[in-house]
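Student: Kindly generate the corresponding structure for this input.
(one chain, ligands or ions: 2)
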Amino acid sequence: MAPRVLISDKLSKTAVQIFKDRGLDVDYQPDLGKDKEKLLAIIGEYDGLAIRSNTKVTEKVIAAAKNLRVIGRAGIGVDNVDIPAATAKGIIVMNTPFGNSITTAEHAIAMMFALARQLPEADASTRAGKWEKNRFMGVEITGKTLGVIGCGNIGSIVADRAIGLKMRVVAYDPFLSDERAIDLGVEKVELDQLFRRADFITLHTPLTDKTRGIVDAAAIATMKDGVRIINCARGGLVVEADLVEALKSGKVAGAGIDVFEVEPATENPLFALPNVVCTPHLGASTTEAQENVALQVAEQMADYLMKGAVVNALNMPSISAEEAPRLTPFVKLAELLGSFAGQLTETGLKAIRLEYEGEVAEMNVRALTAAALTGVLKPLLQTVNMVSAPAMARERGVTVEEVRREQRGAYENYIRLTVITDRQERSVAGTVFADAKPRIIQIKGINMEAELGPHMLYITNQDKPGFIGRFASLLGQEGINIATFNLGRKAAGEDAIALVEVDEPISDSVIERVAALEGVVQAKRLTF
Ligand SMILES: NC(=O)C1=CN([C@@H]2O[C@H](COP(=O)(O)OP(=O)(O)OC[C@H]3O[C@@H](n4cnc5c(N)ncnc54)[C@H](O)[C@@H]3O)[C@@H](O)[C@H]2O)C=CC1
Ligand SMILES: O=C(O)C(=O)COP(=O)(O)O
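Tutor: Ligands and ions are numbered 1, 2, ... in the order given. Model (predicted):
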């Protein structure tokens, strides 16, 4: 059956068309974001959910989303999605990080002009027949200082446009490098300096614990008298109650607000103030931006659901559509190695080391590590997948180490996974040959070459004559057919291992009988 996608916010119909063209079933319900109950009732039927900011993807929605594999945000901010809950459930969350940035930057610039010349008020007064030519005295933008808080994609575009308007731009962003600041032509400053120097302040950060309330009464007190503040990023960055007071006192001469602490904002103390320009979260609302984000989100979601390619995910390493086919056998190998080690690990998992050697070291090892962790954790957590595994490992305090060696050894490529527990280290290594089939090539330092099938027996035994005969006749008595039989040993007479594929599931009693055979140290059933 084709994967099913629900679009629960207003998106350009381009998205609907792309999903259809790519062979997905699509259900376009642009007002569903408002109807929490209905969303909860139907979300279980879908593999993909495409949204903007109206749909709140809460923990409850995620819990009800039984089949969901991907949430696509046609836009940038994902604060309306509970990403930890999605990650824990193995659901990819992706956005379209550039599609609406020019448009949003233009909205901030439009807000700046609207404030400088009080356009909305002047418009309303003129339409009312008042011709209040003397009431509206504006300020020039040229030569003024613009303070940009958050100089990422949108902040940089705003800075560029402001420089074109002959403004001086100071920027505060802890992640802005000196070189980038020089390239942009902005002066990098600390936040307190920005507050002291700016005539206009515009915010372009995400809403995080660090940025929440970044503009509050204390910050406003340090600003220039008559400063103008623009927020086209997220409600909550500016403390609305503090802004209202400062607008009333005249400390802040004007505010351009596109985003609110509570949205939809149908009532707000800011609405009563004349020196405020408000828009209903319109930053991204242009024809061009909406085409961009709809097209991108649909392509990305279809690529994931149909081909396993991952682009612009916030909770999973990227896998391009081009590399997906090449990576797939290694993803399988990494998961098999993880699963092998995971099934043998009974207690106290402390750390996992992954060594990538040869060709595979140049691949997307973050994705491969995520696959290996999935394998390791699956015996403990049935629903874990590549999205949730790294977070689950972190949560459980498991250290993950990655080593890449680009030089080749005996094999063209090679992955070794070592599980470190309270009691021991256990390594298992594998490779992928030209036939794209993953194979185990080493277990606990003992060489062998084995494919893994669905039903396997893993035996450690003493390397003494007679074991194979006893083992084979036991399976014969039980009517179990051996598919493949692989043996390896450290040195003659030392520890040996056998990895045996059989054609049917192995019962507990068979395992017990194998374990009781003379010379057997340990017998384990493994399933893949
Ligand atoms: N009003 C609207 O319709 C729209 C709003 N947005 C919002 O605009 C915001 C910015 O988007 P982009 O520029 O695309 O994001 P981005 O990720 O490219 O840039 C954000 C910048 O904020 C910086 N930052 C993070 N923590 C900071 C802190 N504590 N102080 C100062 N800077 C900090 C980051 O280093 C980064 O450079 C997002 O919150 C997004 O949701 C985006 C599109 C439309
Ligand atoms: O992209 C963003 O972060 C936005 O805030 C745009 O929101 P919207 O898609 O217009 O609901």
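Student: low pLDDT regions in the protein?
Tutor: For the chain, no stretch is flagged by pLDDT under 70.
Student: So which bits of it are right by ligand 2?
Tutor: 52-53, 75-77, 100, 281, 283-285 (CB under 6 Å from any ligand atom). Bear in mind the C-beta positions are built from the backbone N, C-alpha and C, glycine included.
Student: Those residues also near ligand 1: which ones?
Tutor: When CB under 6 Å from any ligand atom is applied, the members of the residues of the chain next to ligand 2 adjacent to ligand 1 are 75-77, 100, 281, 283-284.
Student: can you pull out the strands in the stretch 351-500 of the chain?
Tutor: 399-405, 413-421, 425-432, 438-443, 446-450, 455-462, 482-489, 495-502 (DSSP state E, counting those that start in this stretch).
Student: CA atoms of the longest one as CSV?
Tutor: What it means is strand 413-421. Output of strand 413-421 as CSV, limited to C-alpha atoms (Å, rounded to 0.1, in the frame of the first residue of the first chain):
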residue,chain,number,x,y,z
ASN,A,413,35.8,-1.9,4.0
TYR,A,414,35.2,-3.1,7.5
ILE,A,415,33.1,-2.1,10.5
ARG,A,416,34.0,-3.3,14.0
LEU,A,417,31.6,-2.8,16.8
THR,A,418,32.7,-3.2,20.4
VAL,A,419,30.3,-3.4,23.3
ILE,A,420,31.8,-2.5,26.6
THR,A,421,29.9,-3.6,29.7
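Student: Strand 438-443 and that strand, what's the angle between them?
Tutor: Between strand 413-421 and strand 438-443, the angle formed by their directions is 60 degrees, by axes from the mean of the first three to the mean of the last three CA atoms, to 10 degrees.
Student: Ok, the first one next?
Tutor: Comparing the axes of strand 399-405 and strand 438-443 via the same axes, to 10 degrees yields an angle of 100 degrees.
Student: next one: strand 399-405 to chain centre, how far?
Tutor: 21 Å (CA atoms, centre = their mean, to the nearest Å).
Student: Can you tell me which helices and strands that strand packs against?
Tutor: The contact analysis (3 or more CB pairs under 8 Å, 6 or more residues apart in numbering; DSSP states H and E) places strand 399-405 against strand 349-358, helix 365-377.
Student: Show me what counts as buried in the first one.
Tutor: Within strand 349-358, the residues that qualify as buried are 349, 352-358, counting by 16 or more other CB atoms under 10 Å.
Student: and the residue of the chain nearest ligand 1?
Tutor: G152 (1.8 Å; CB to the nearest ligand atom).
Student: show me what contacts the residue lying closest to that residue once chain neighbours are set aside?
Tutor: Excluding its sequence neighbours, the residue lying closest to G152 (CB to CB, 6 or more residues apart in numbering) is H204, at 6.5 Å. By CB atoms under 8 Å, 6 or more residues apart in numbering, the residues touching H204 are 108, 148-152, 154-155, 158, 232-233.
Student: try 6 Å
Tutor: In this structure, H204 makes contact with 150, 154-155, 233, judged by CB atoms under 6 Å, 6 or more residues apart in numbering.
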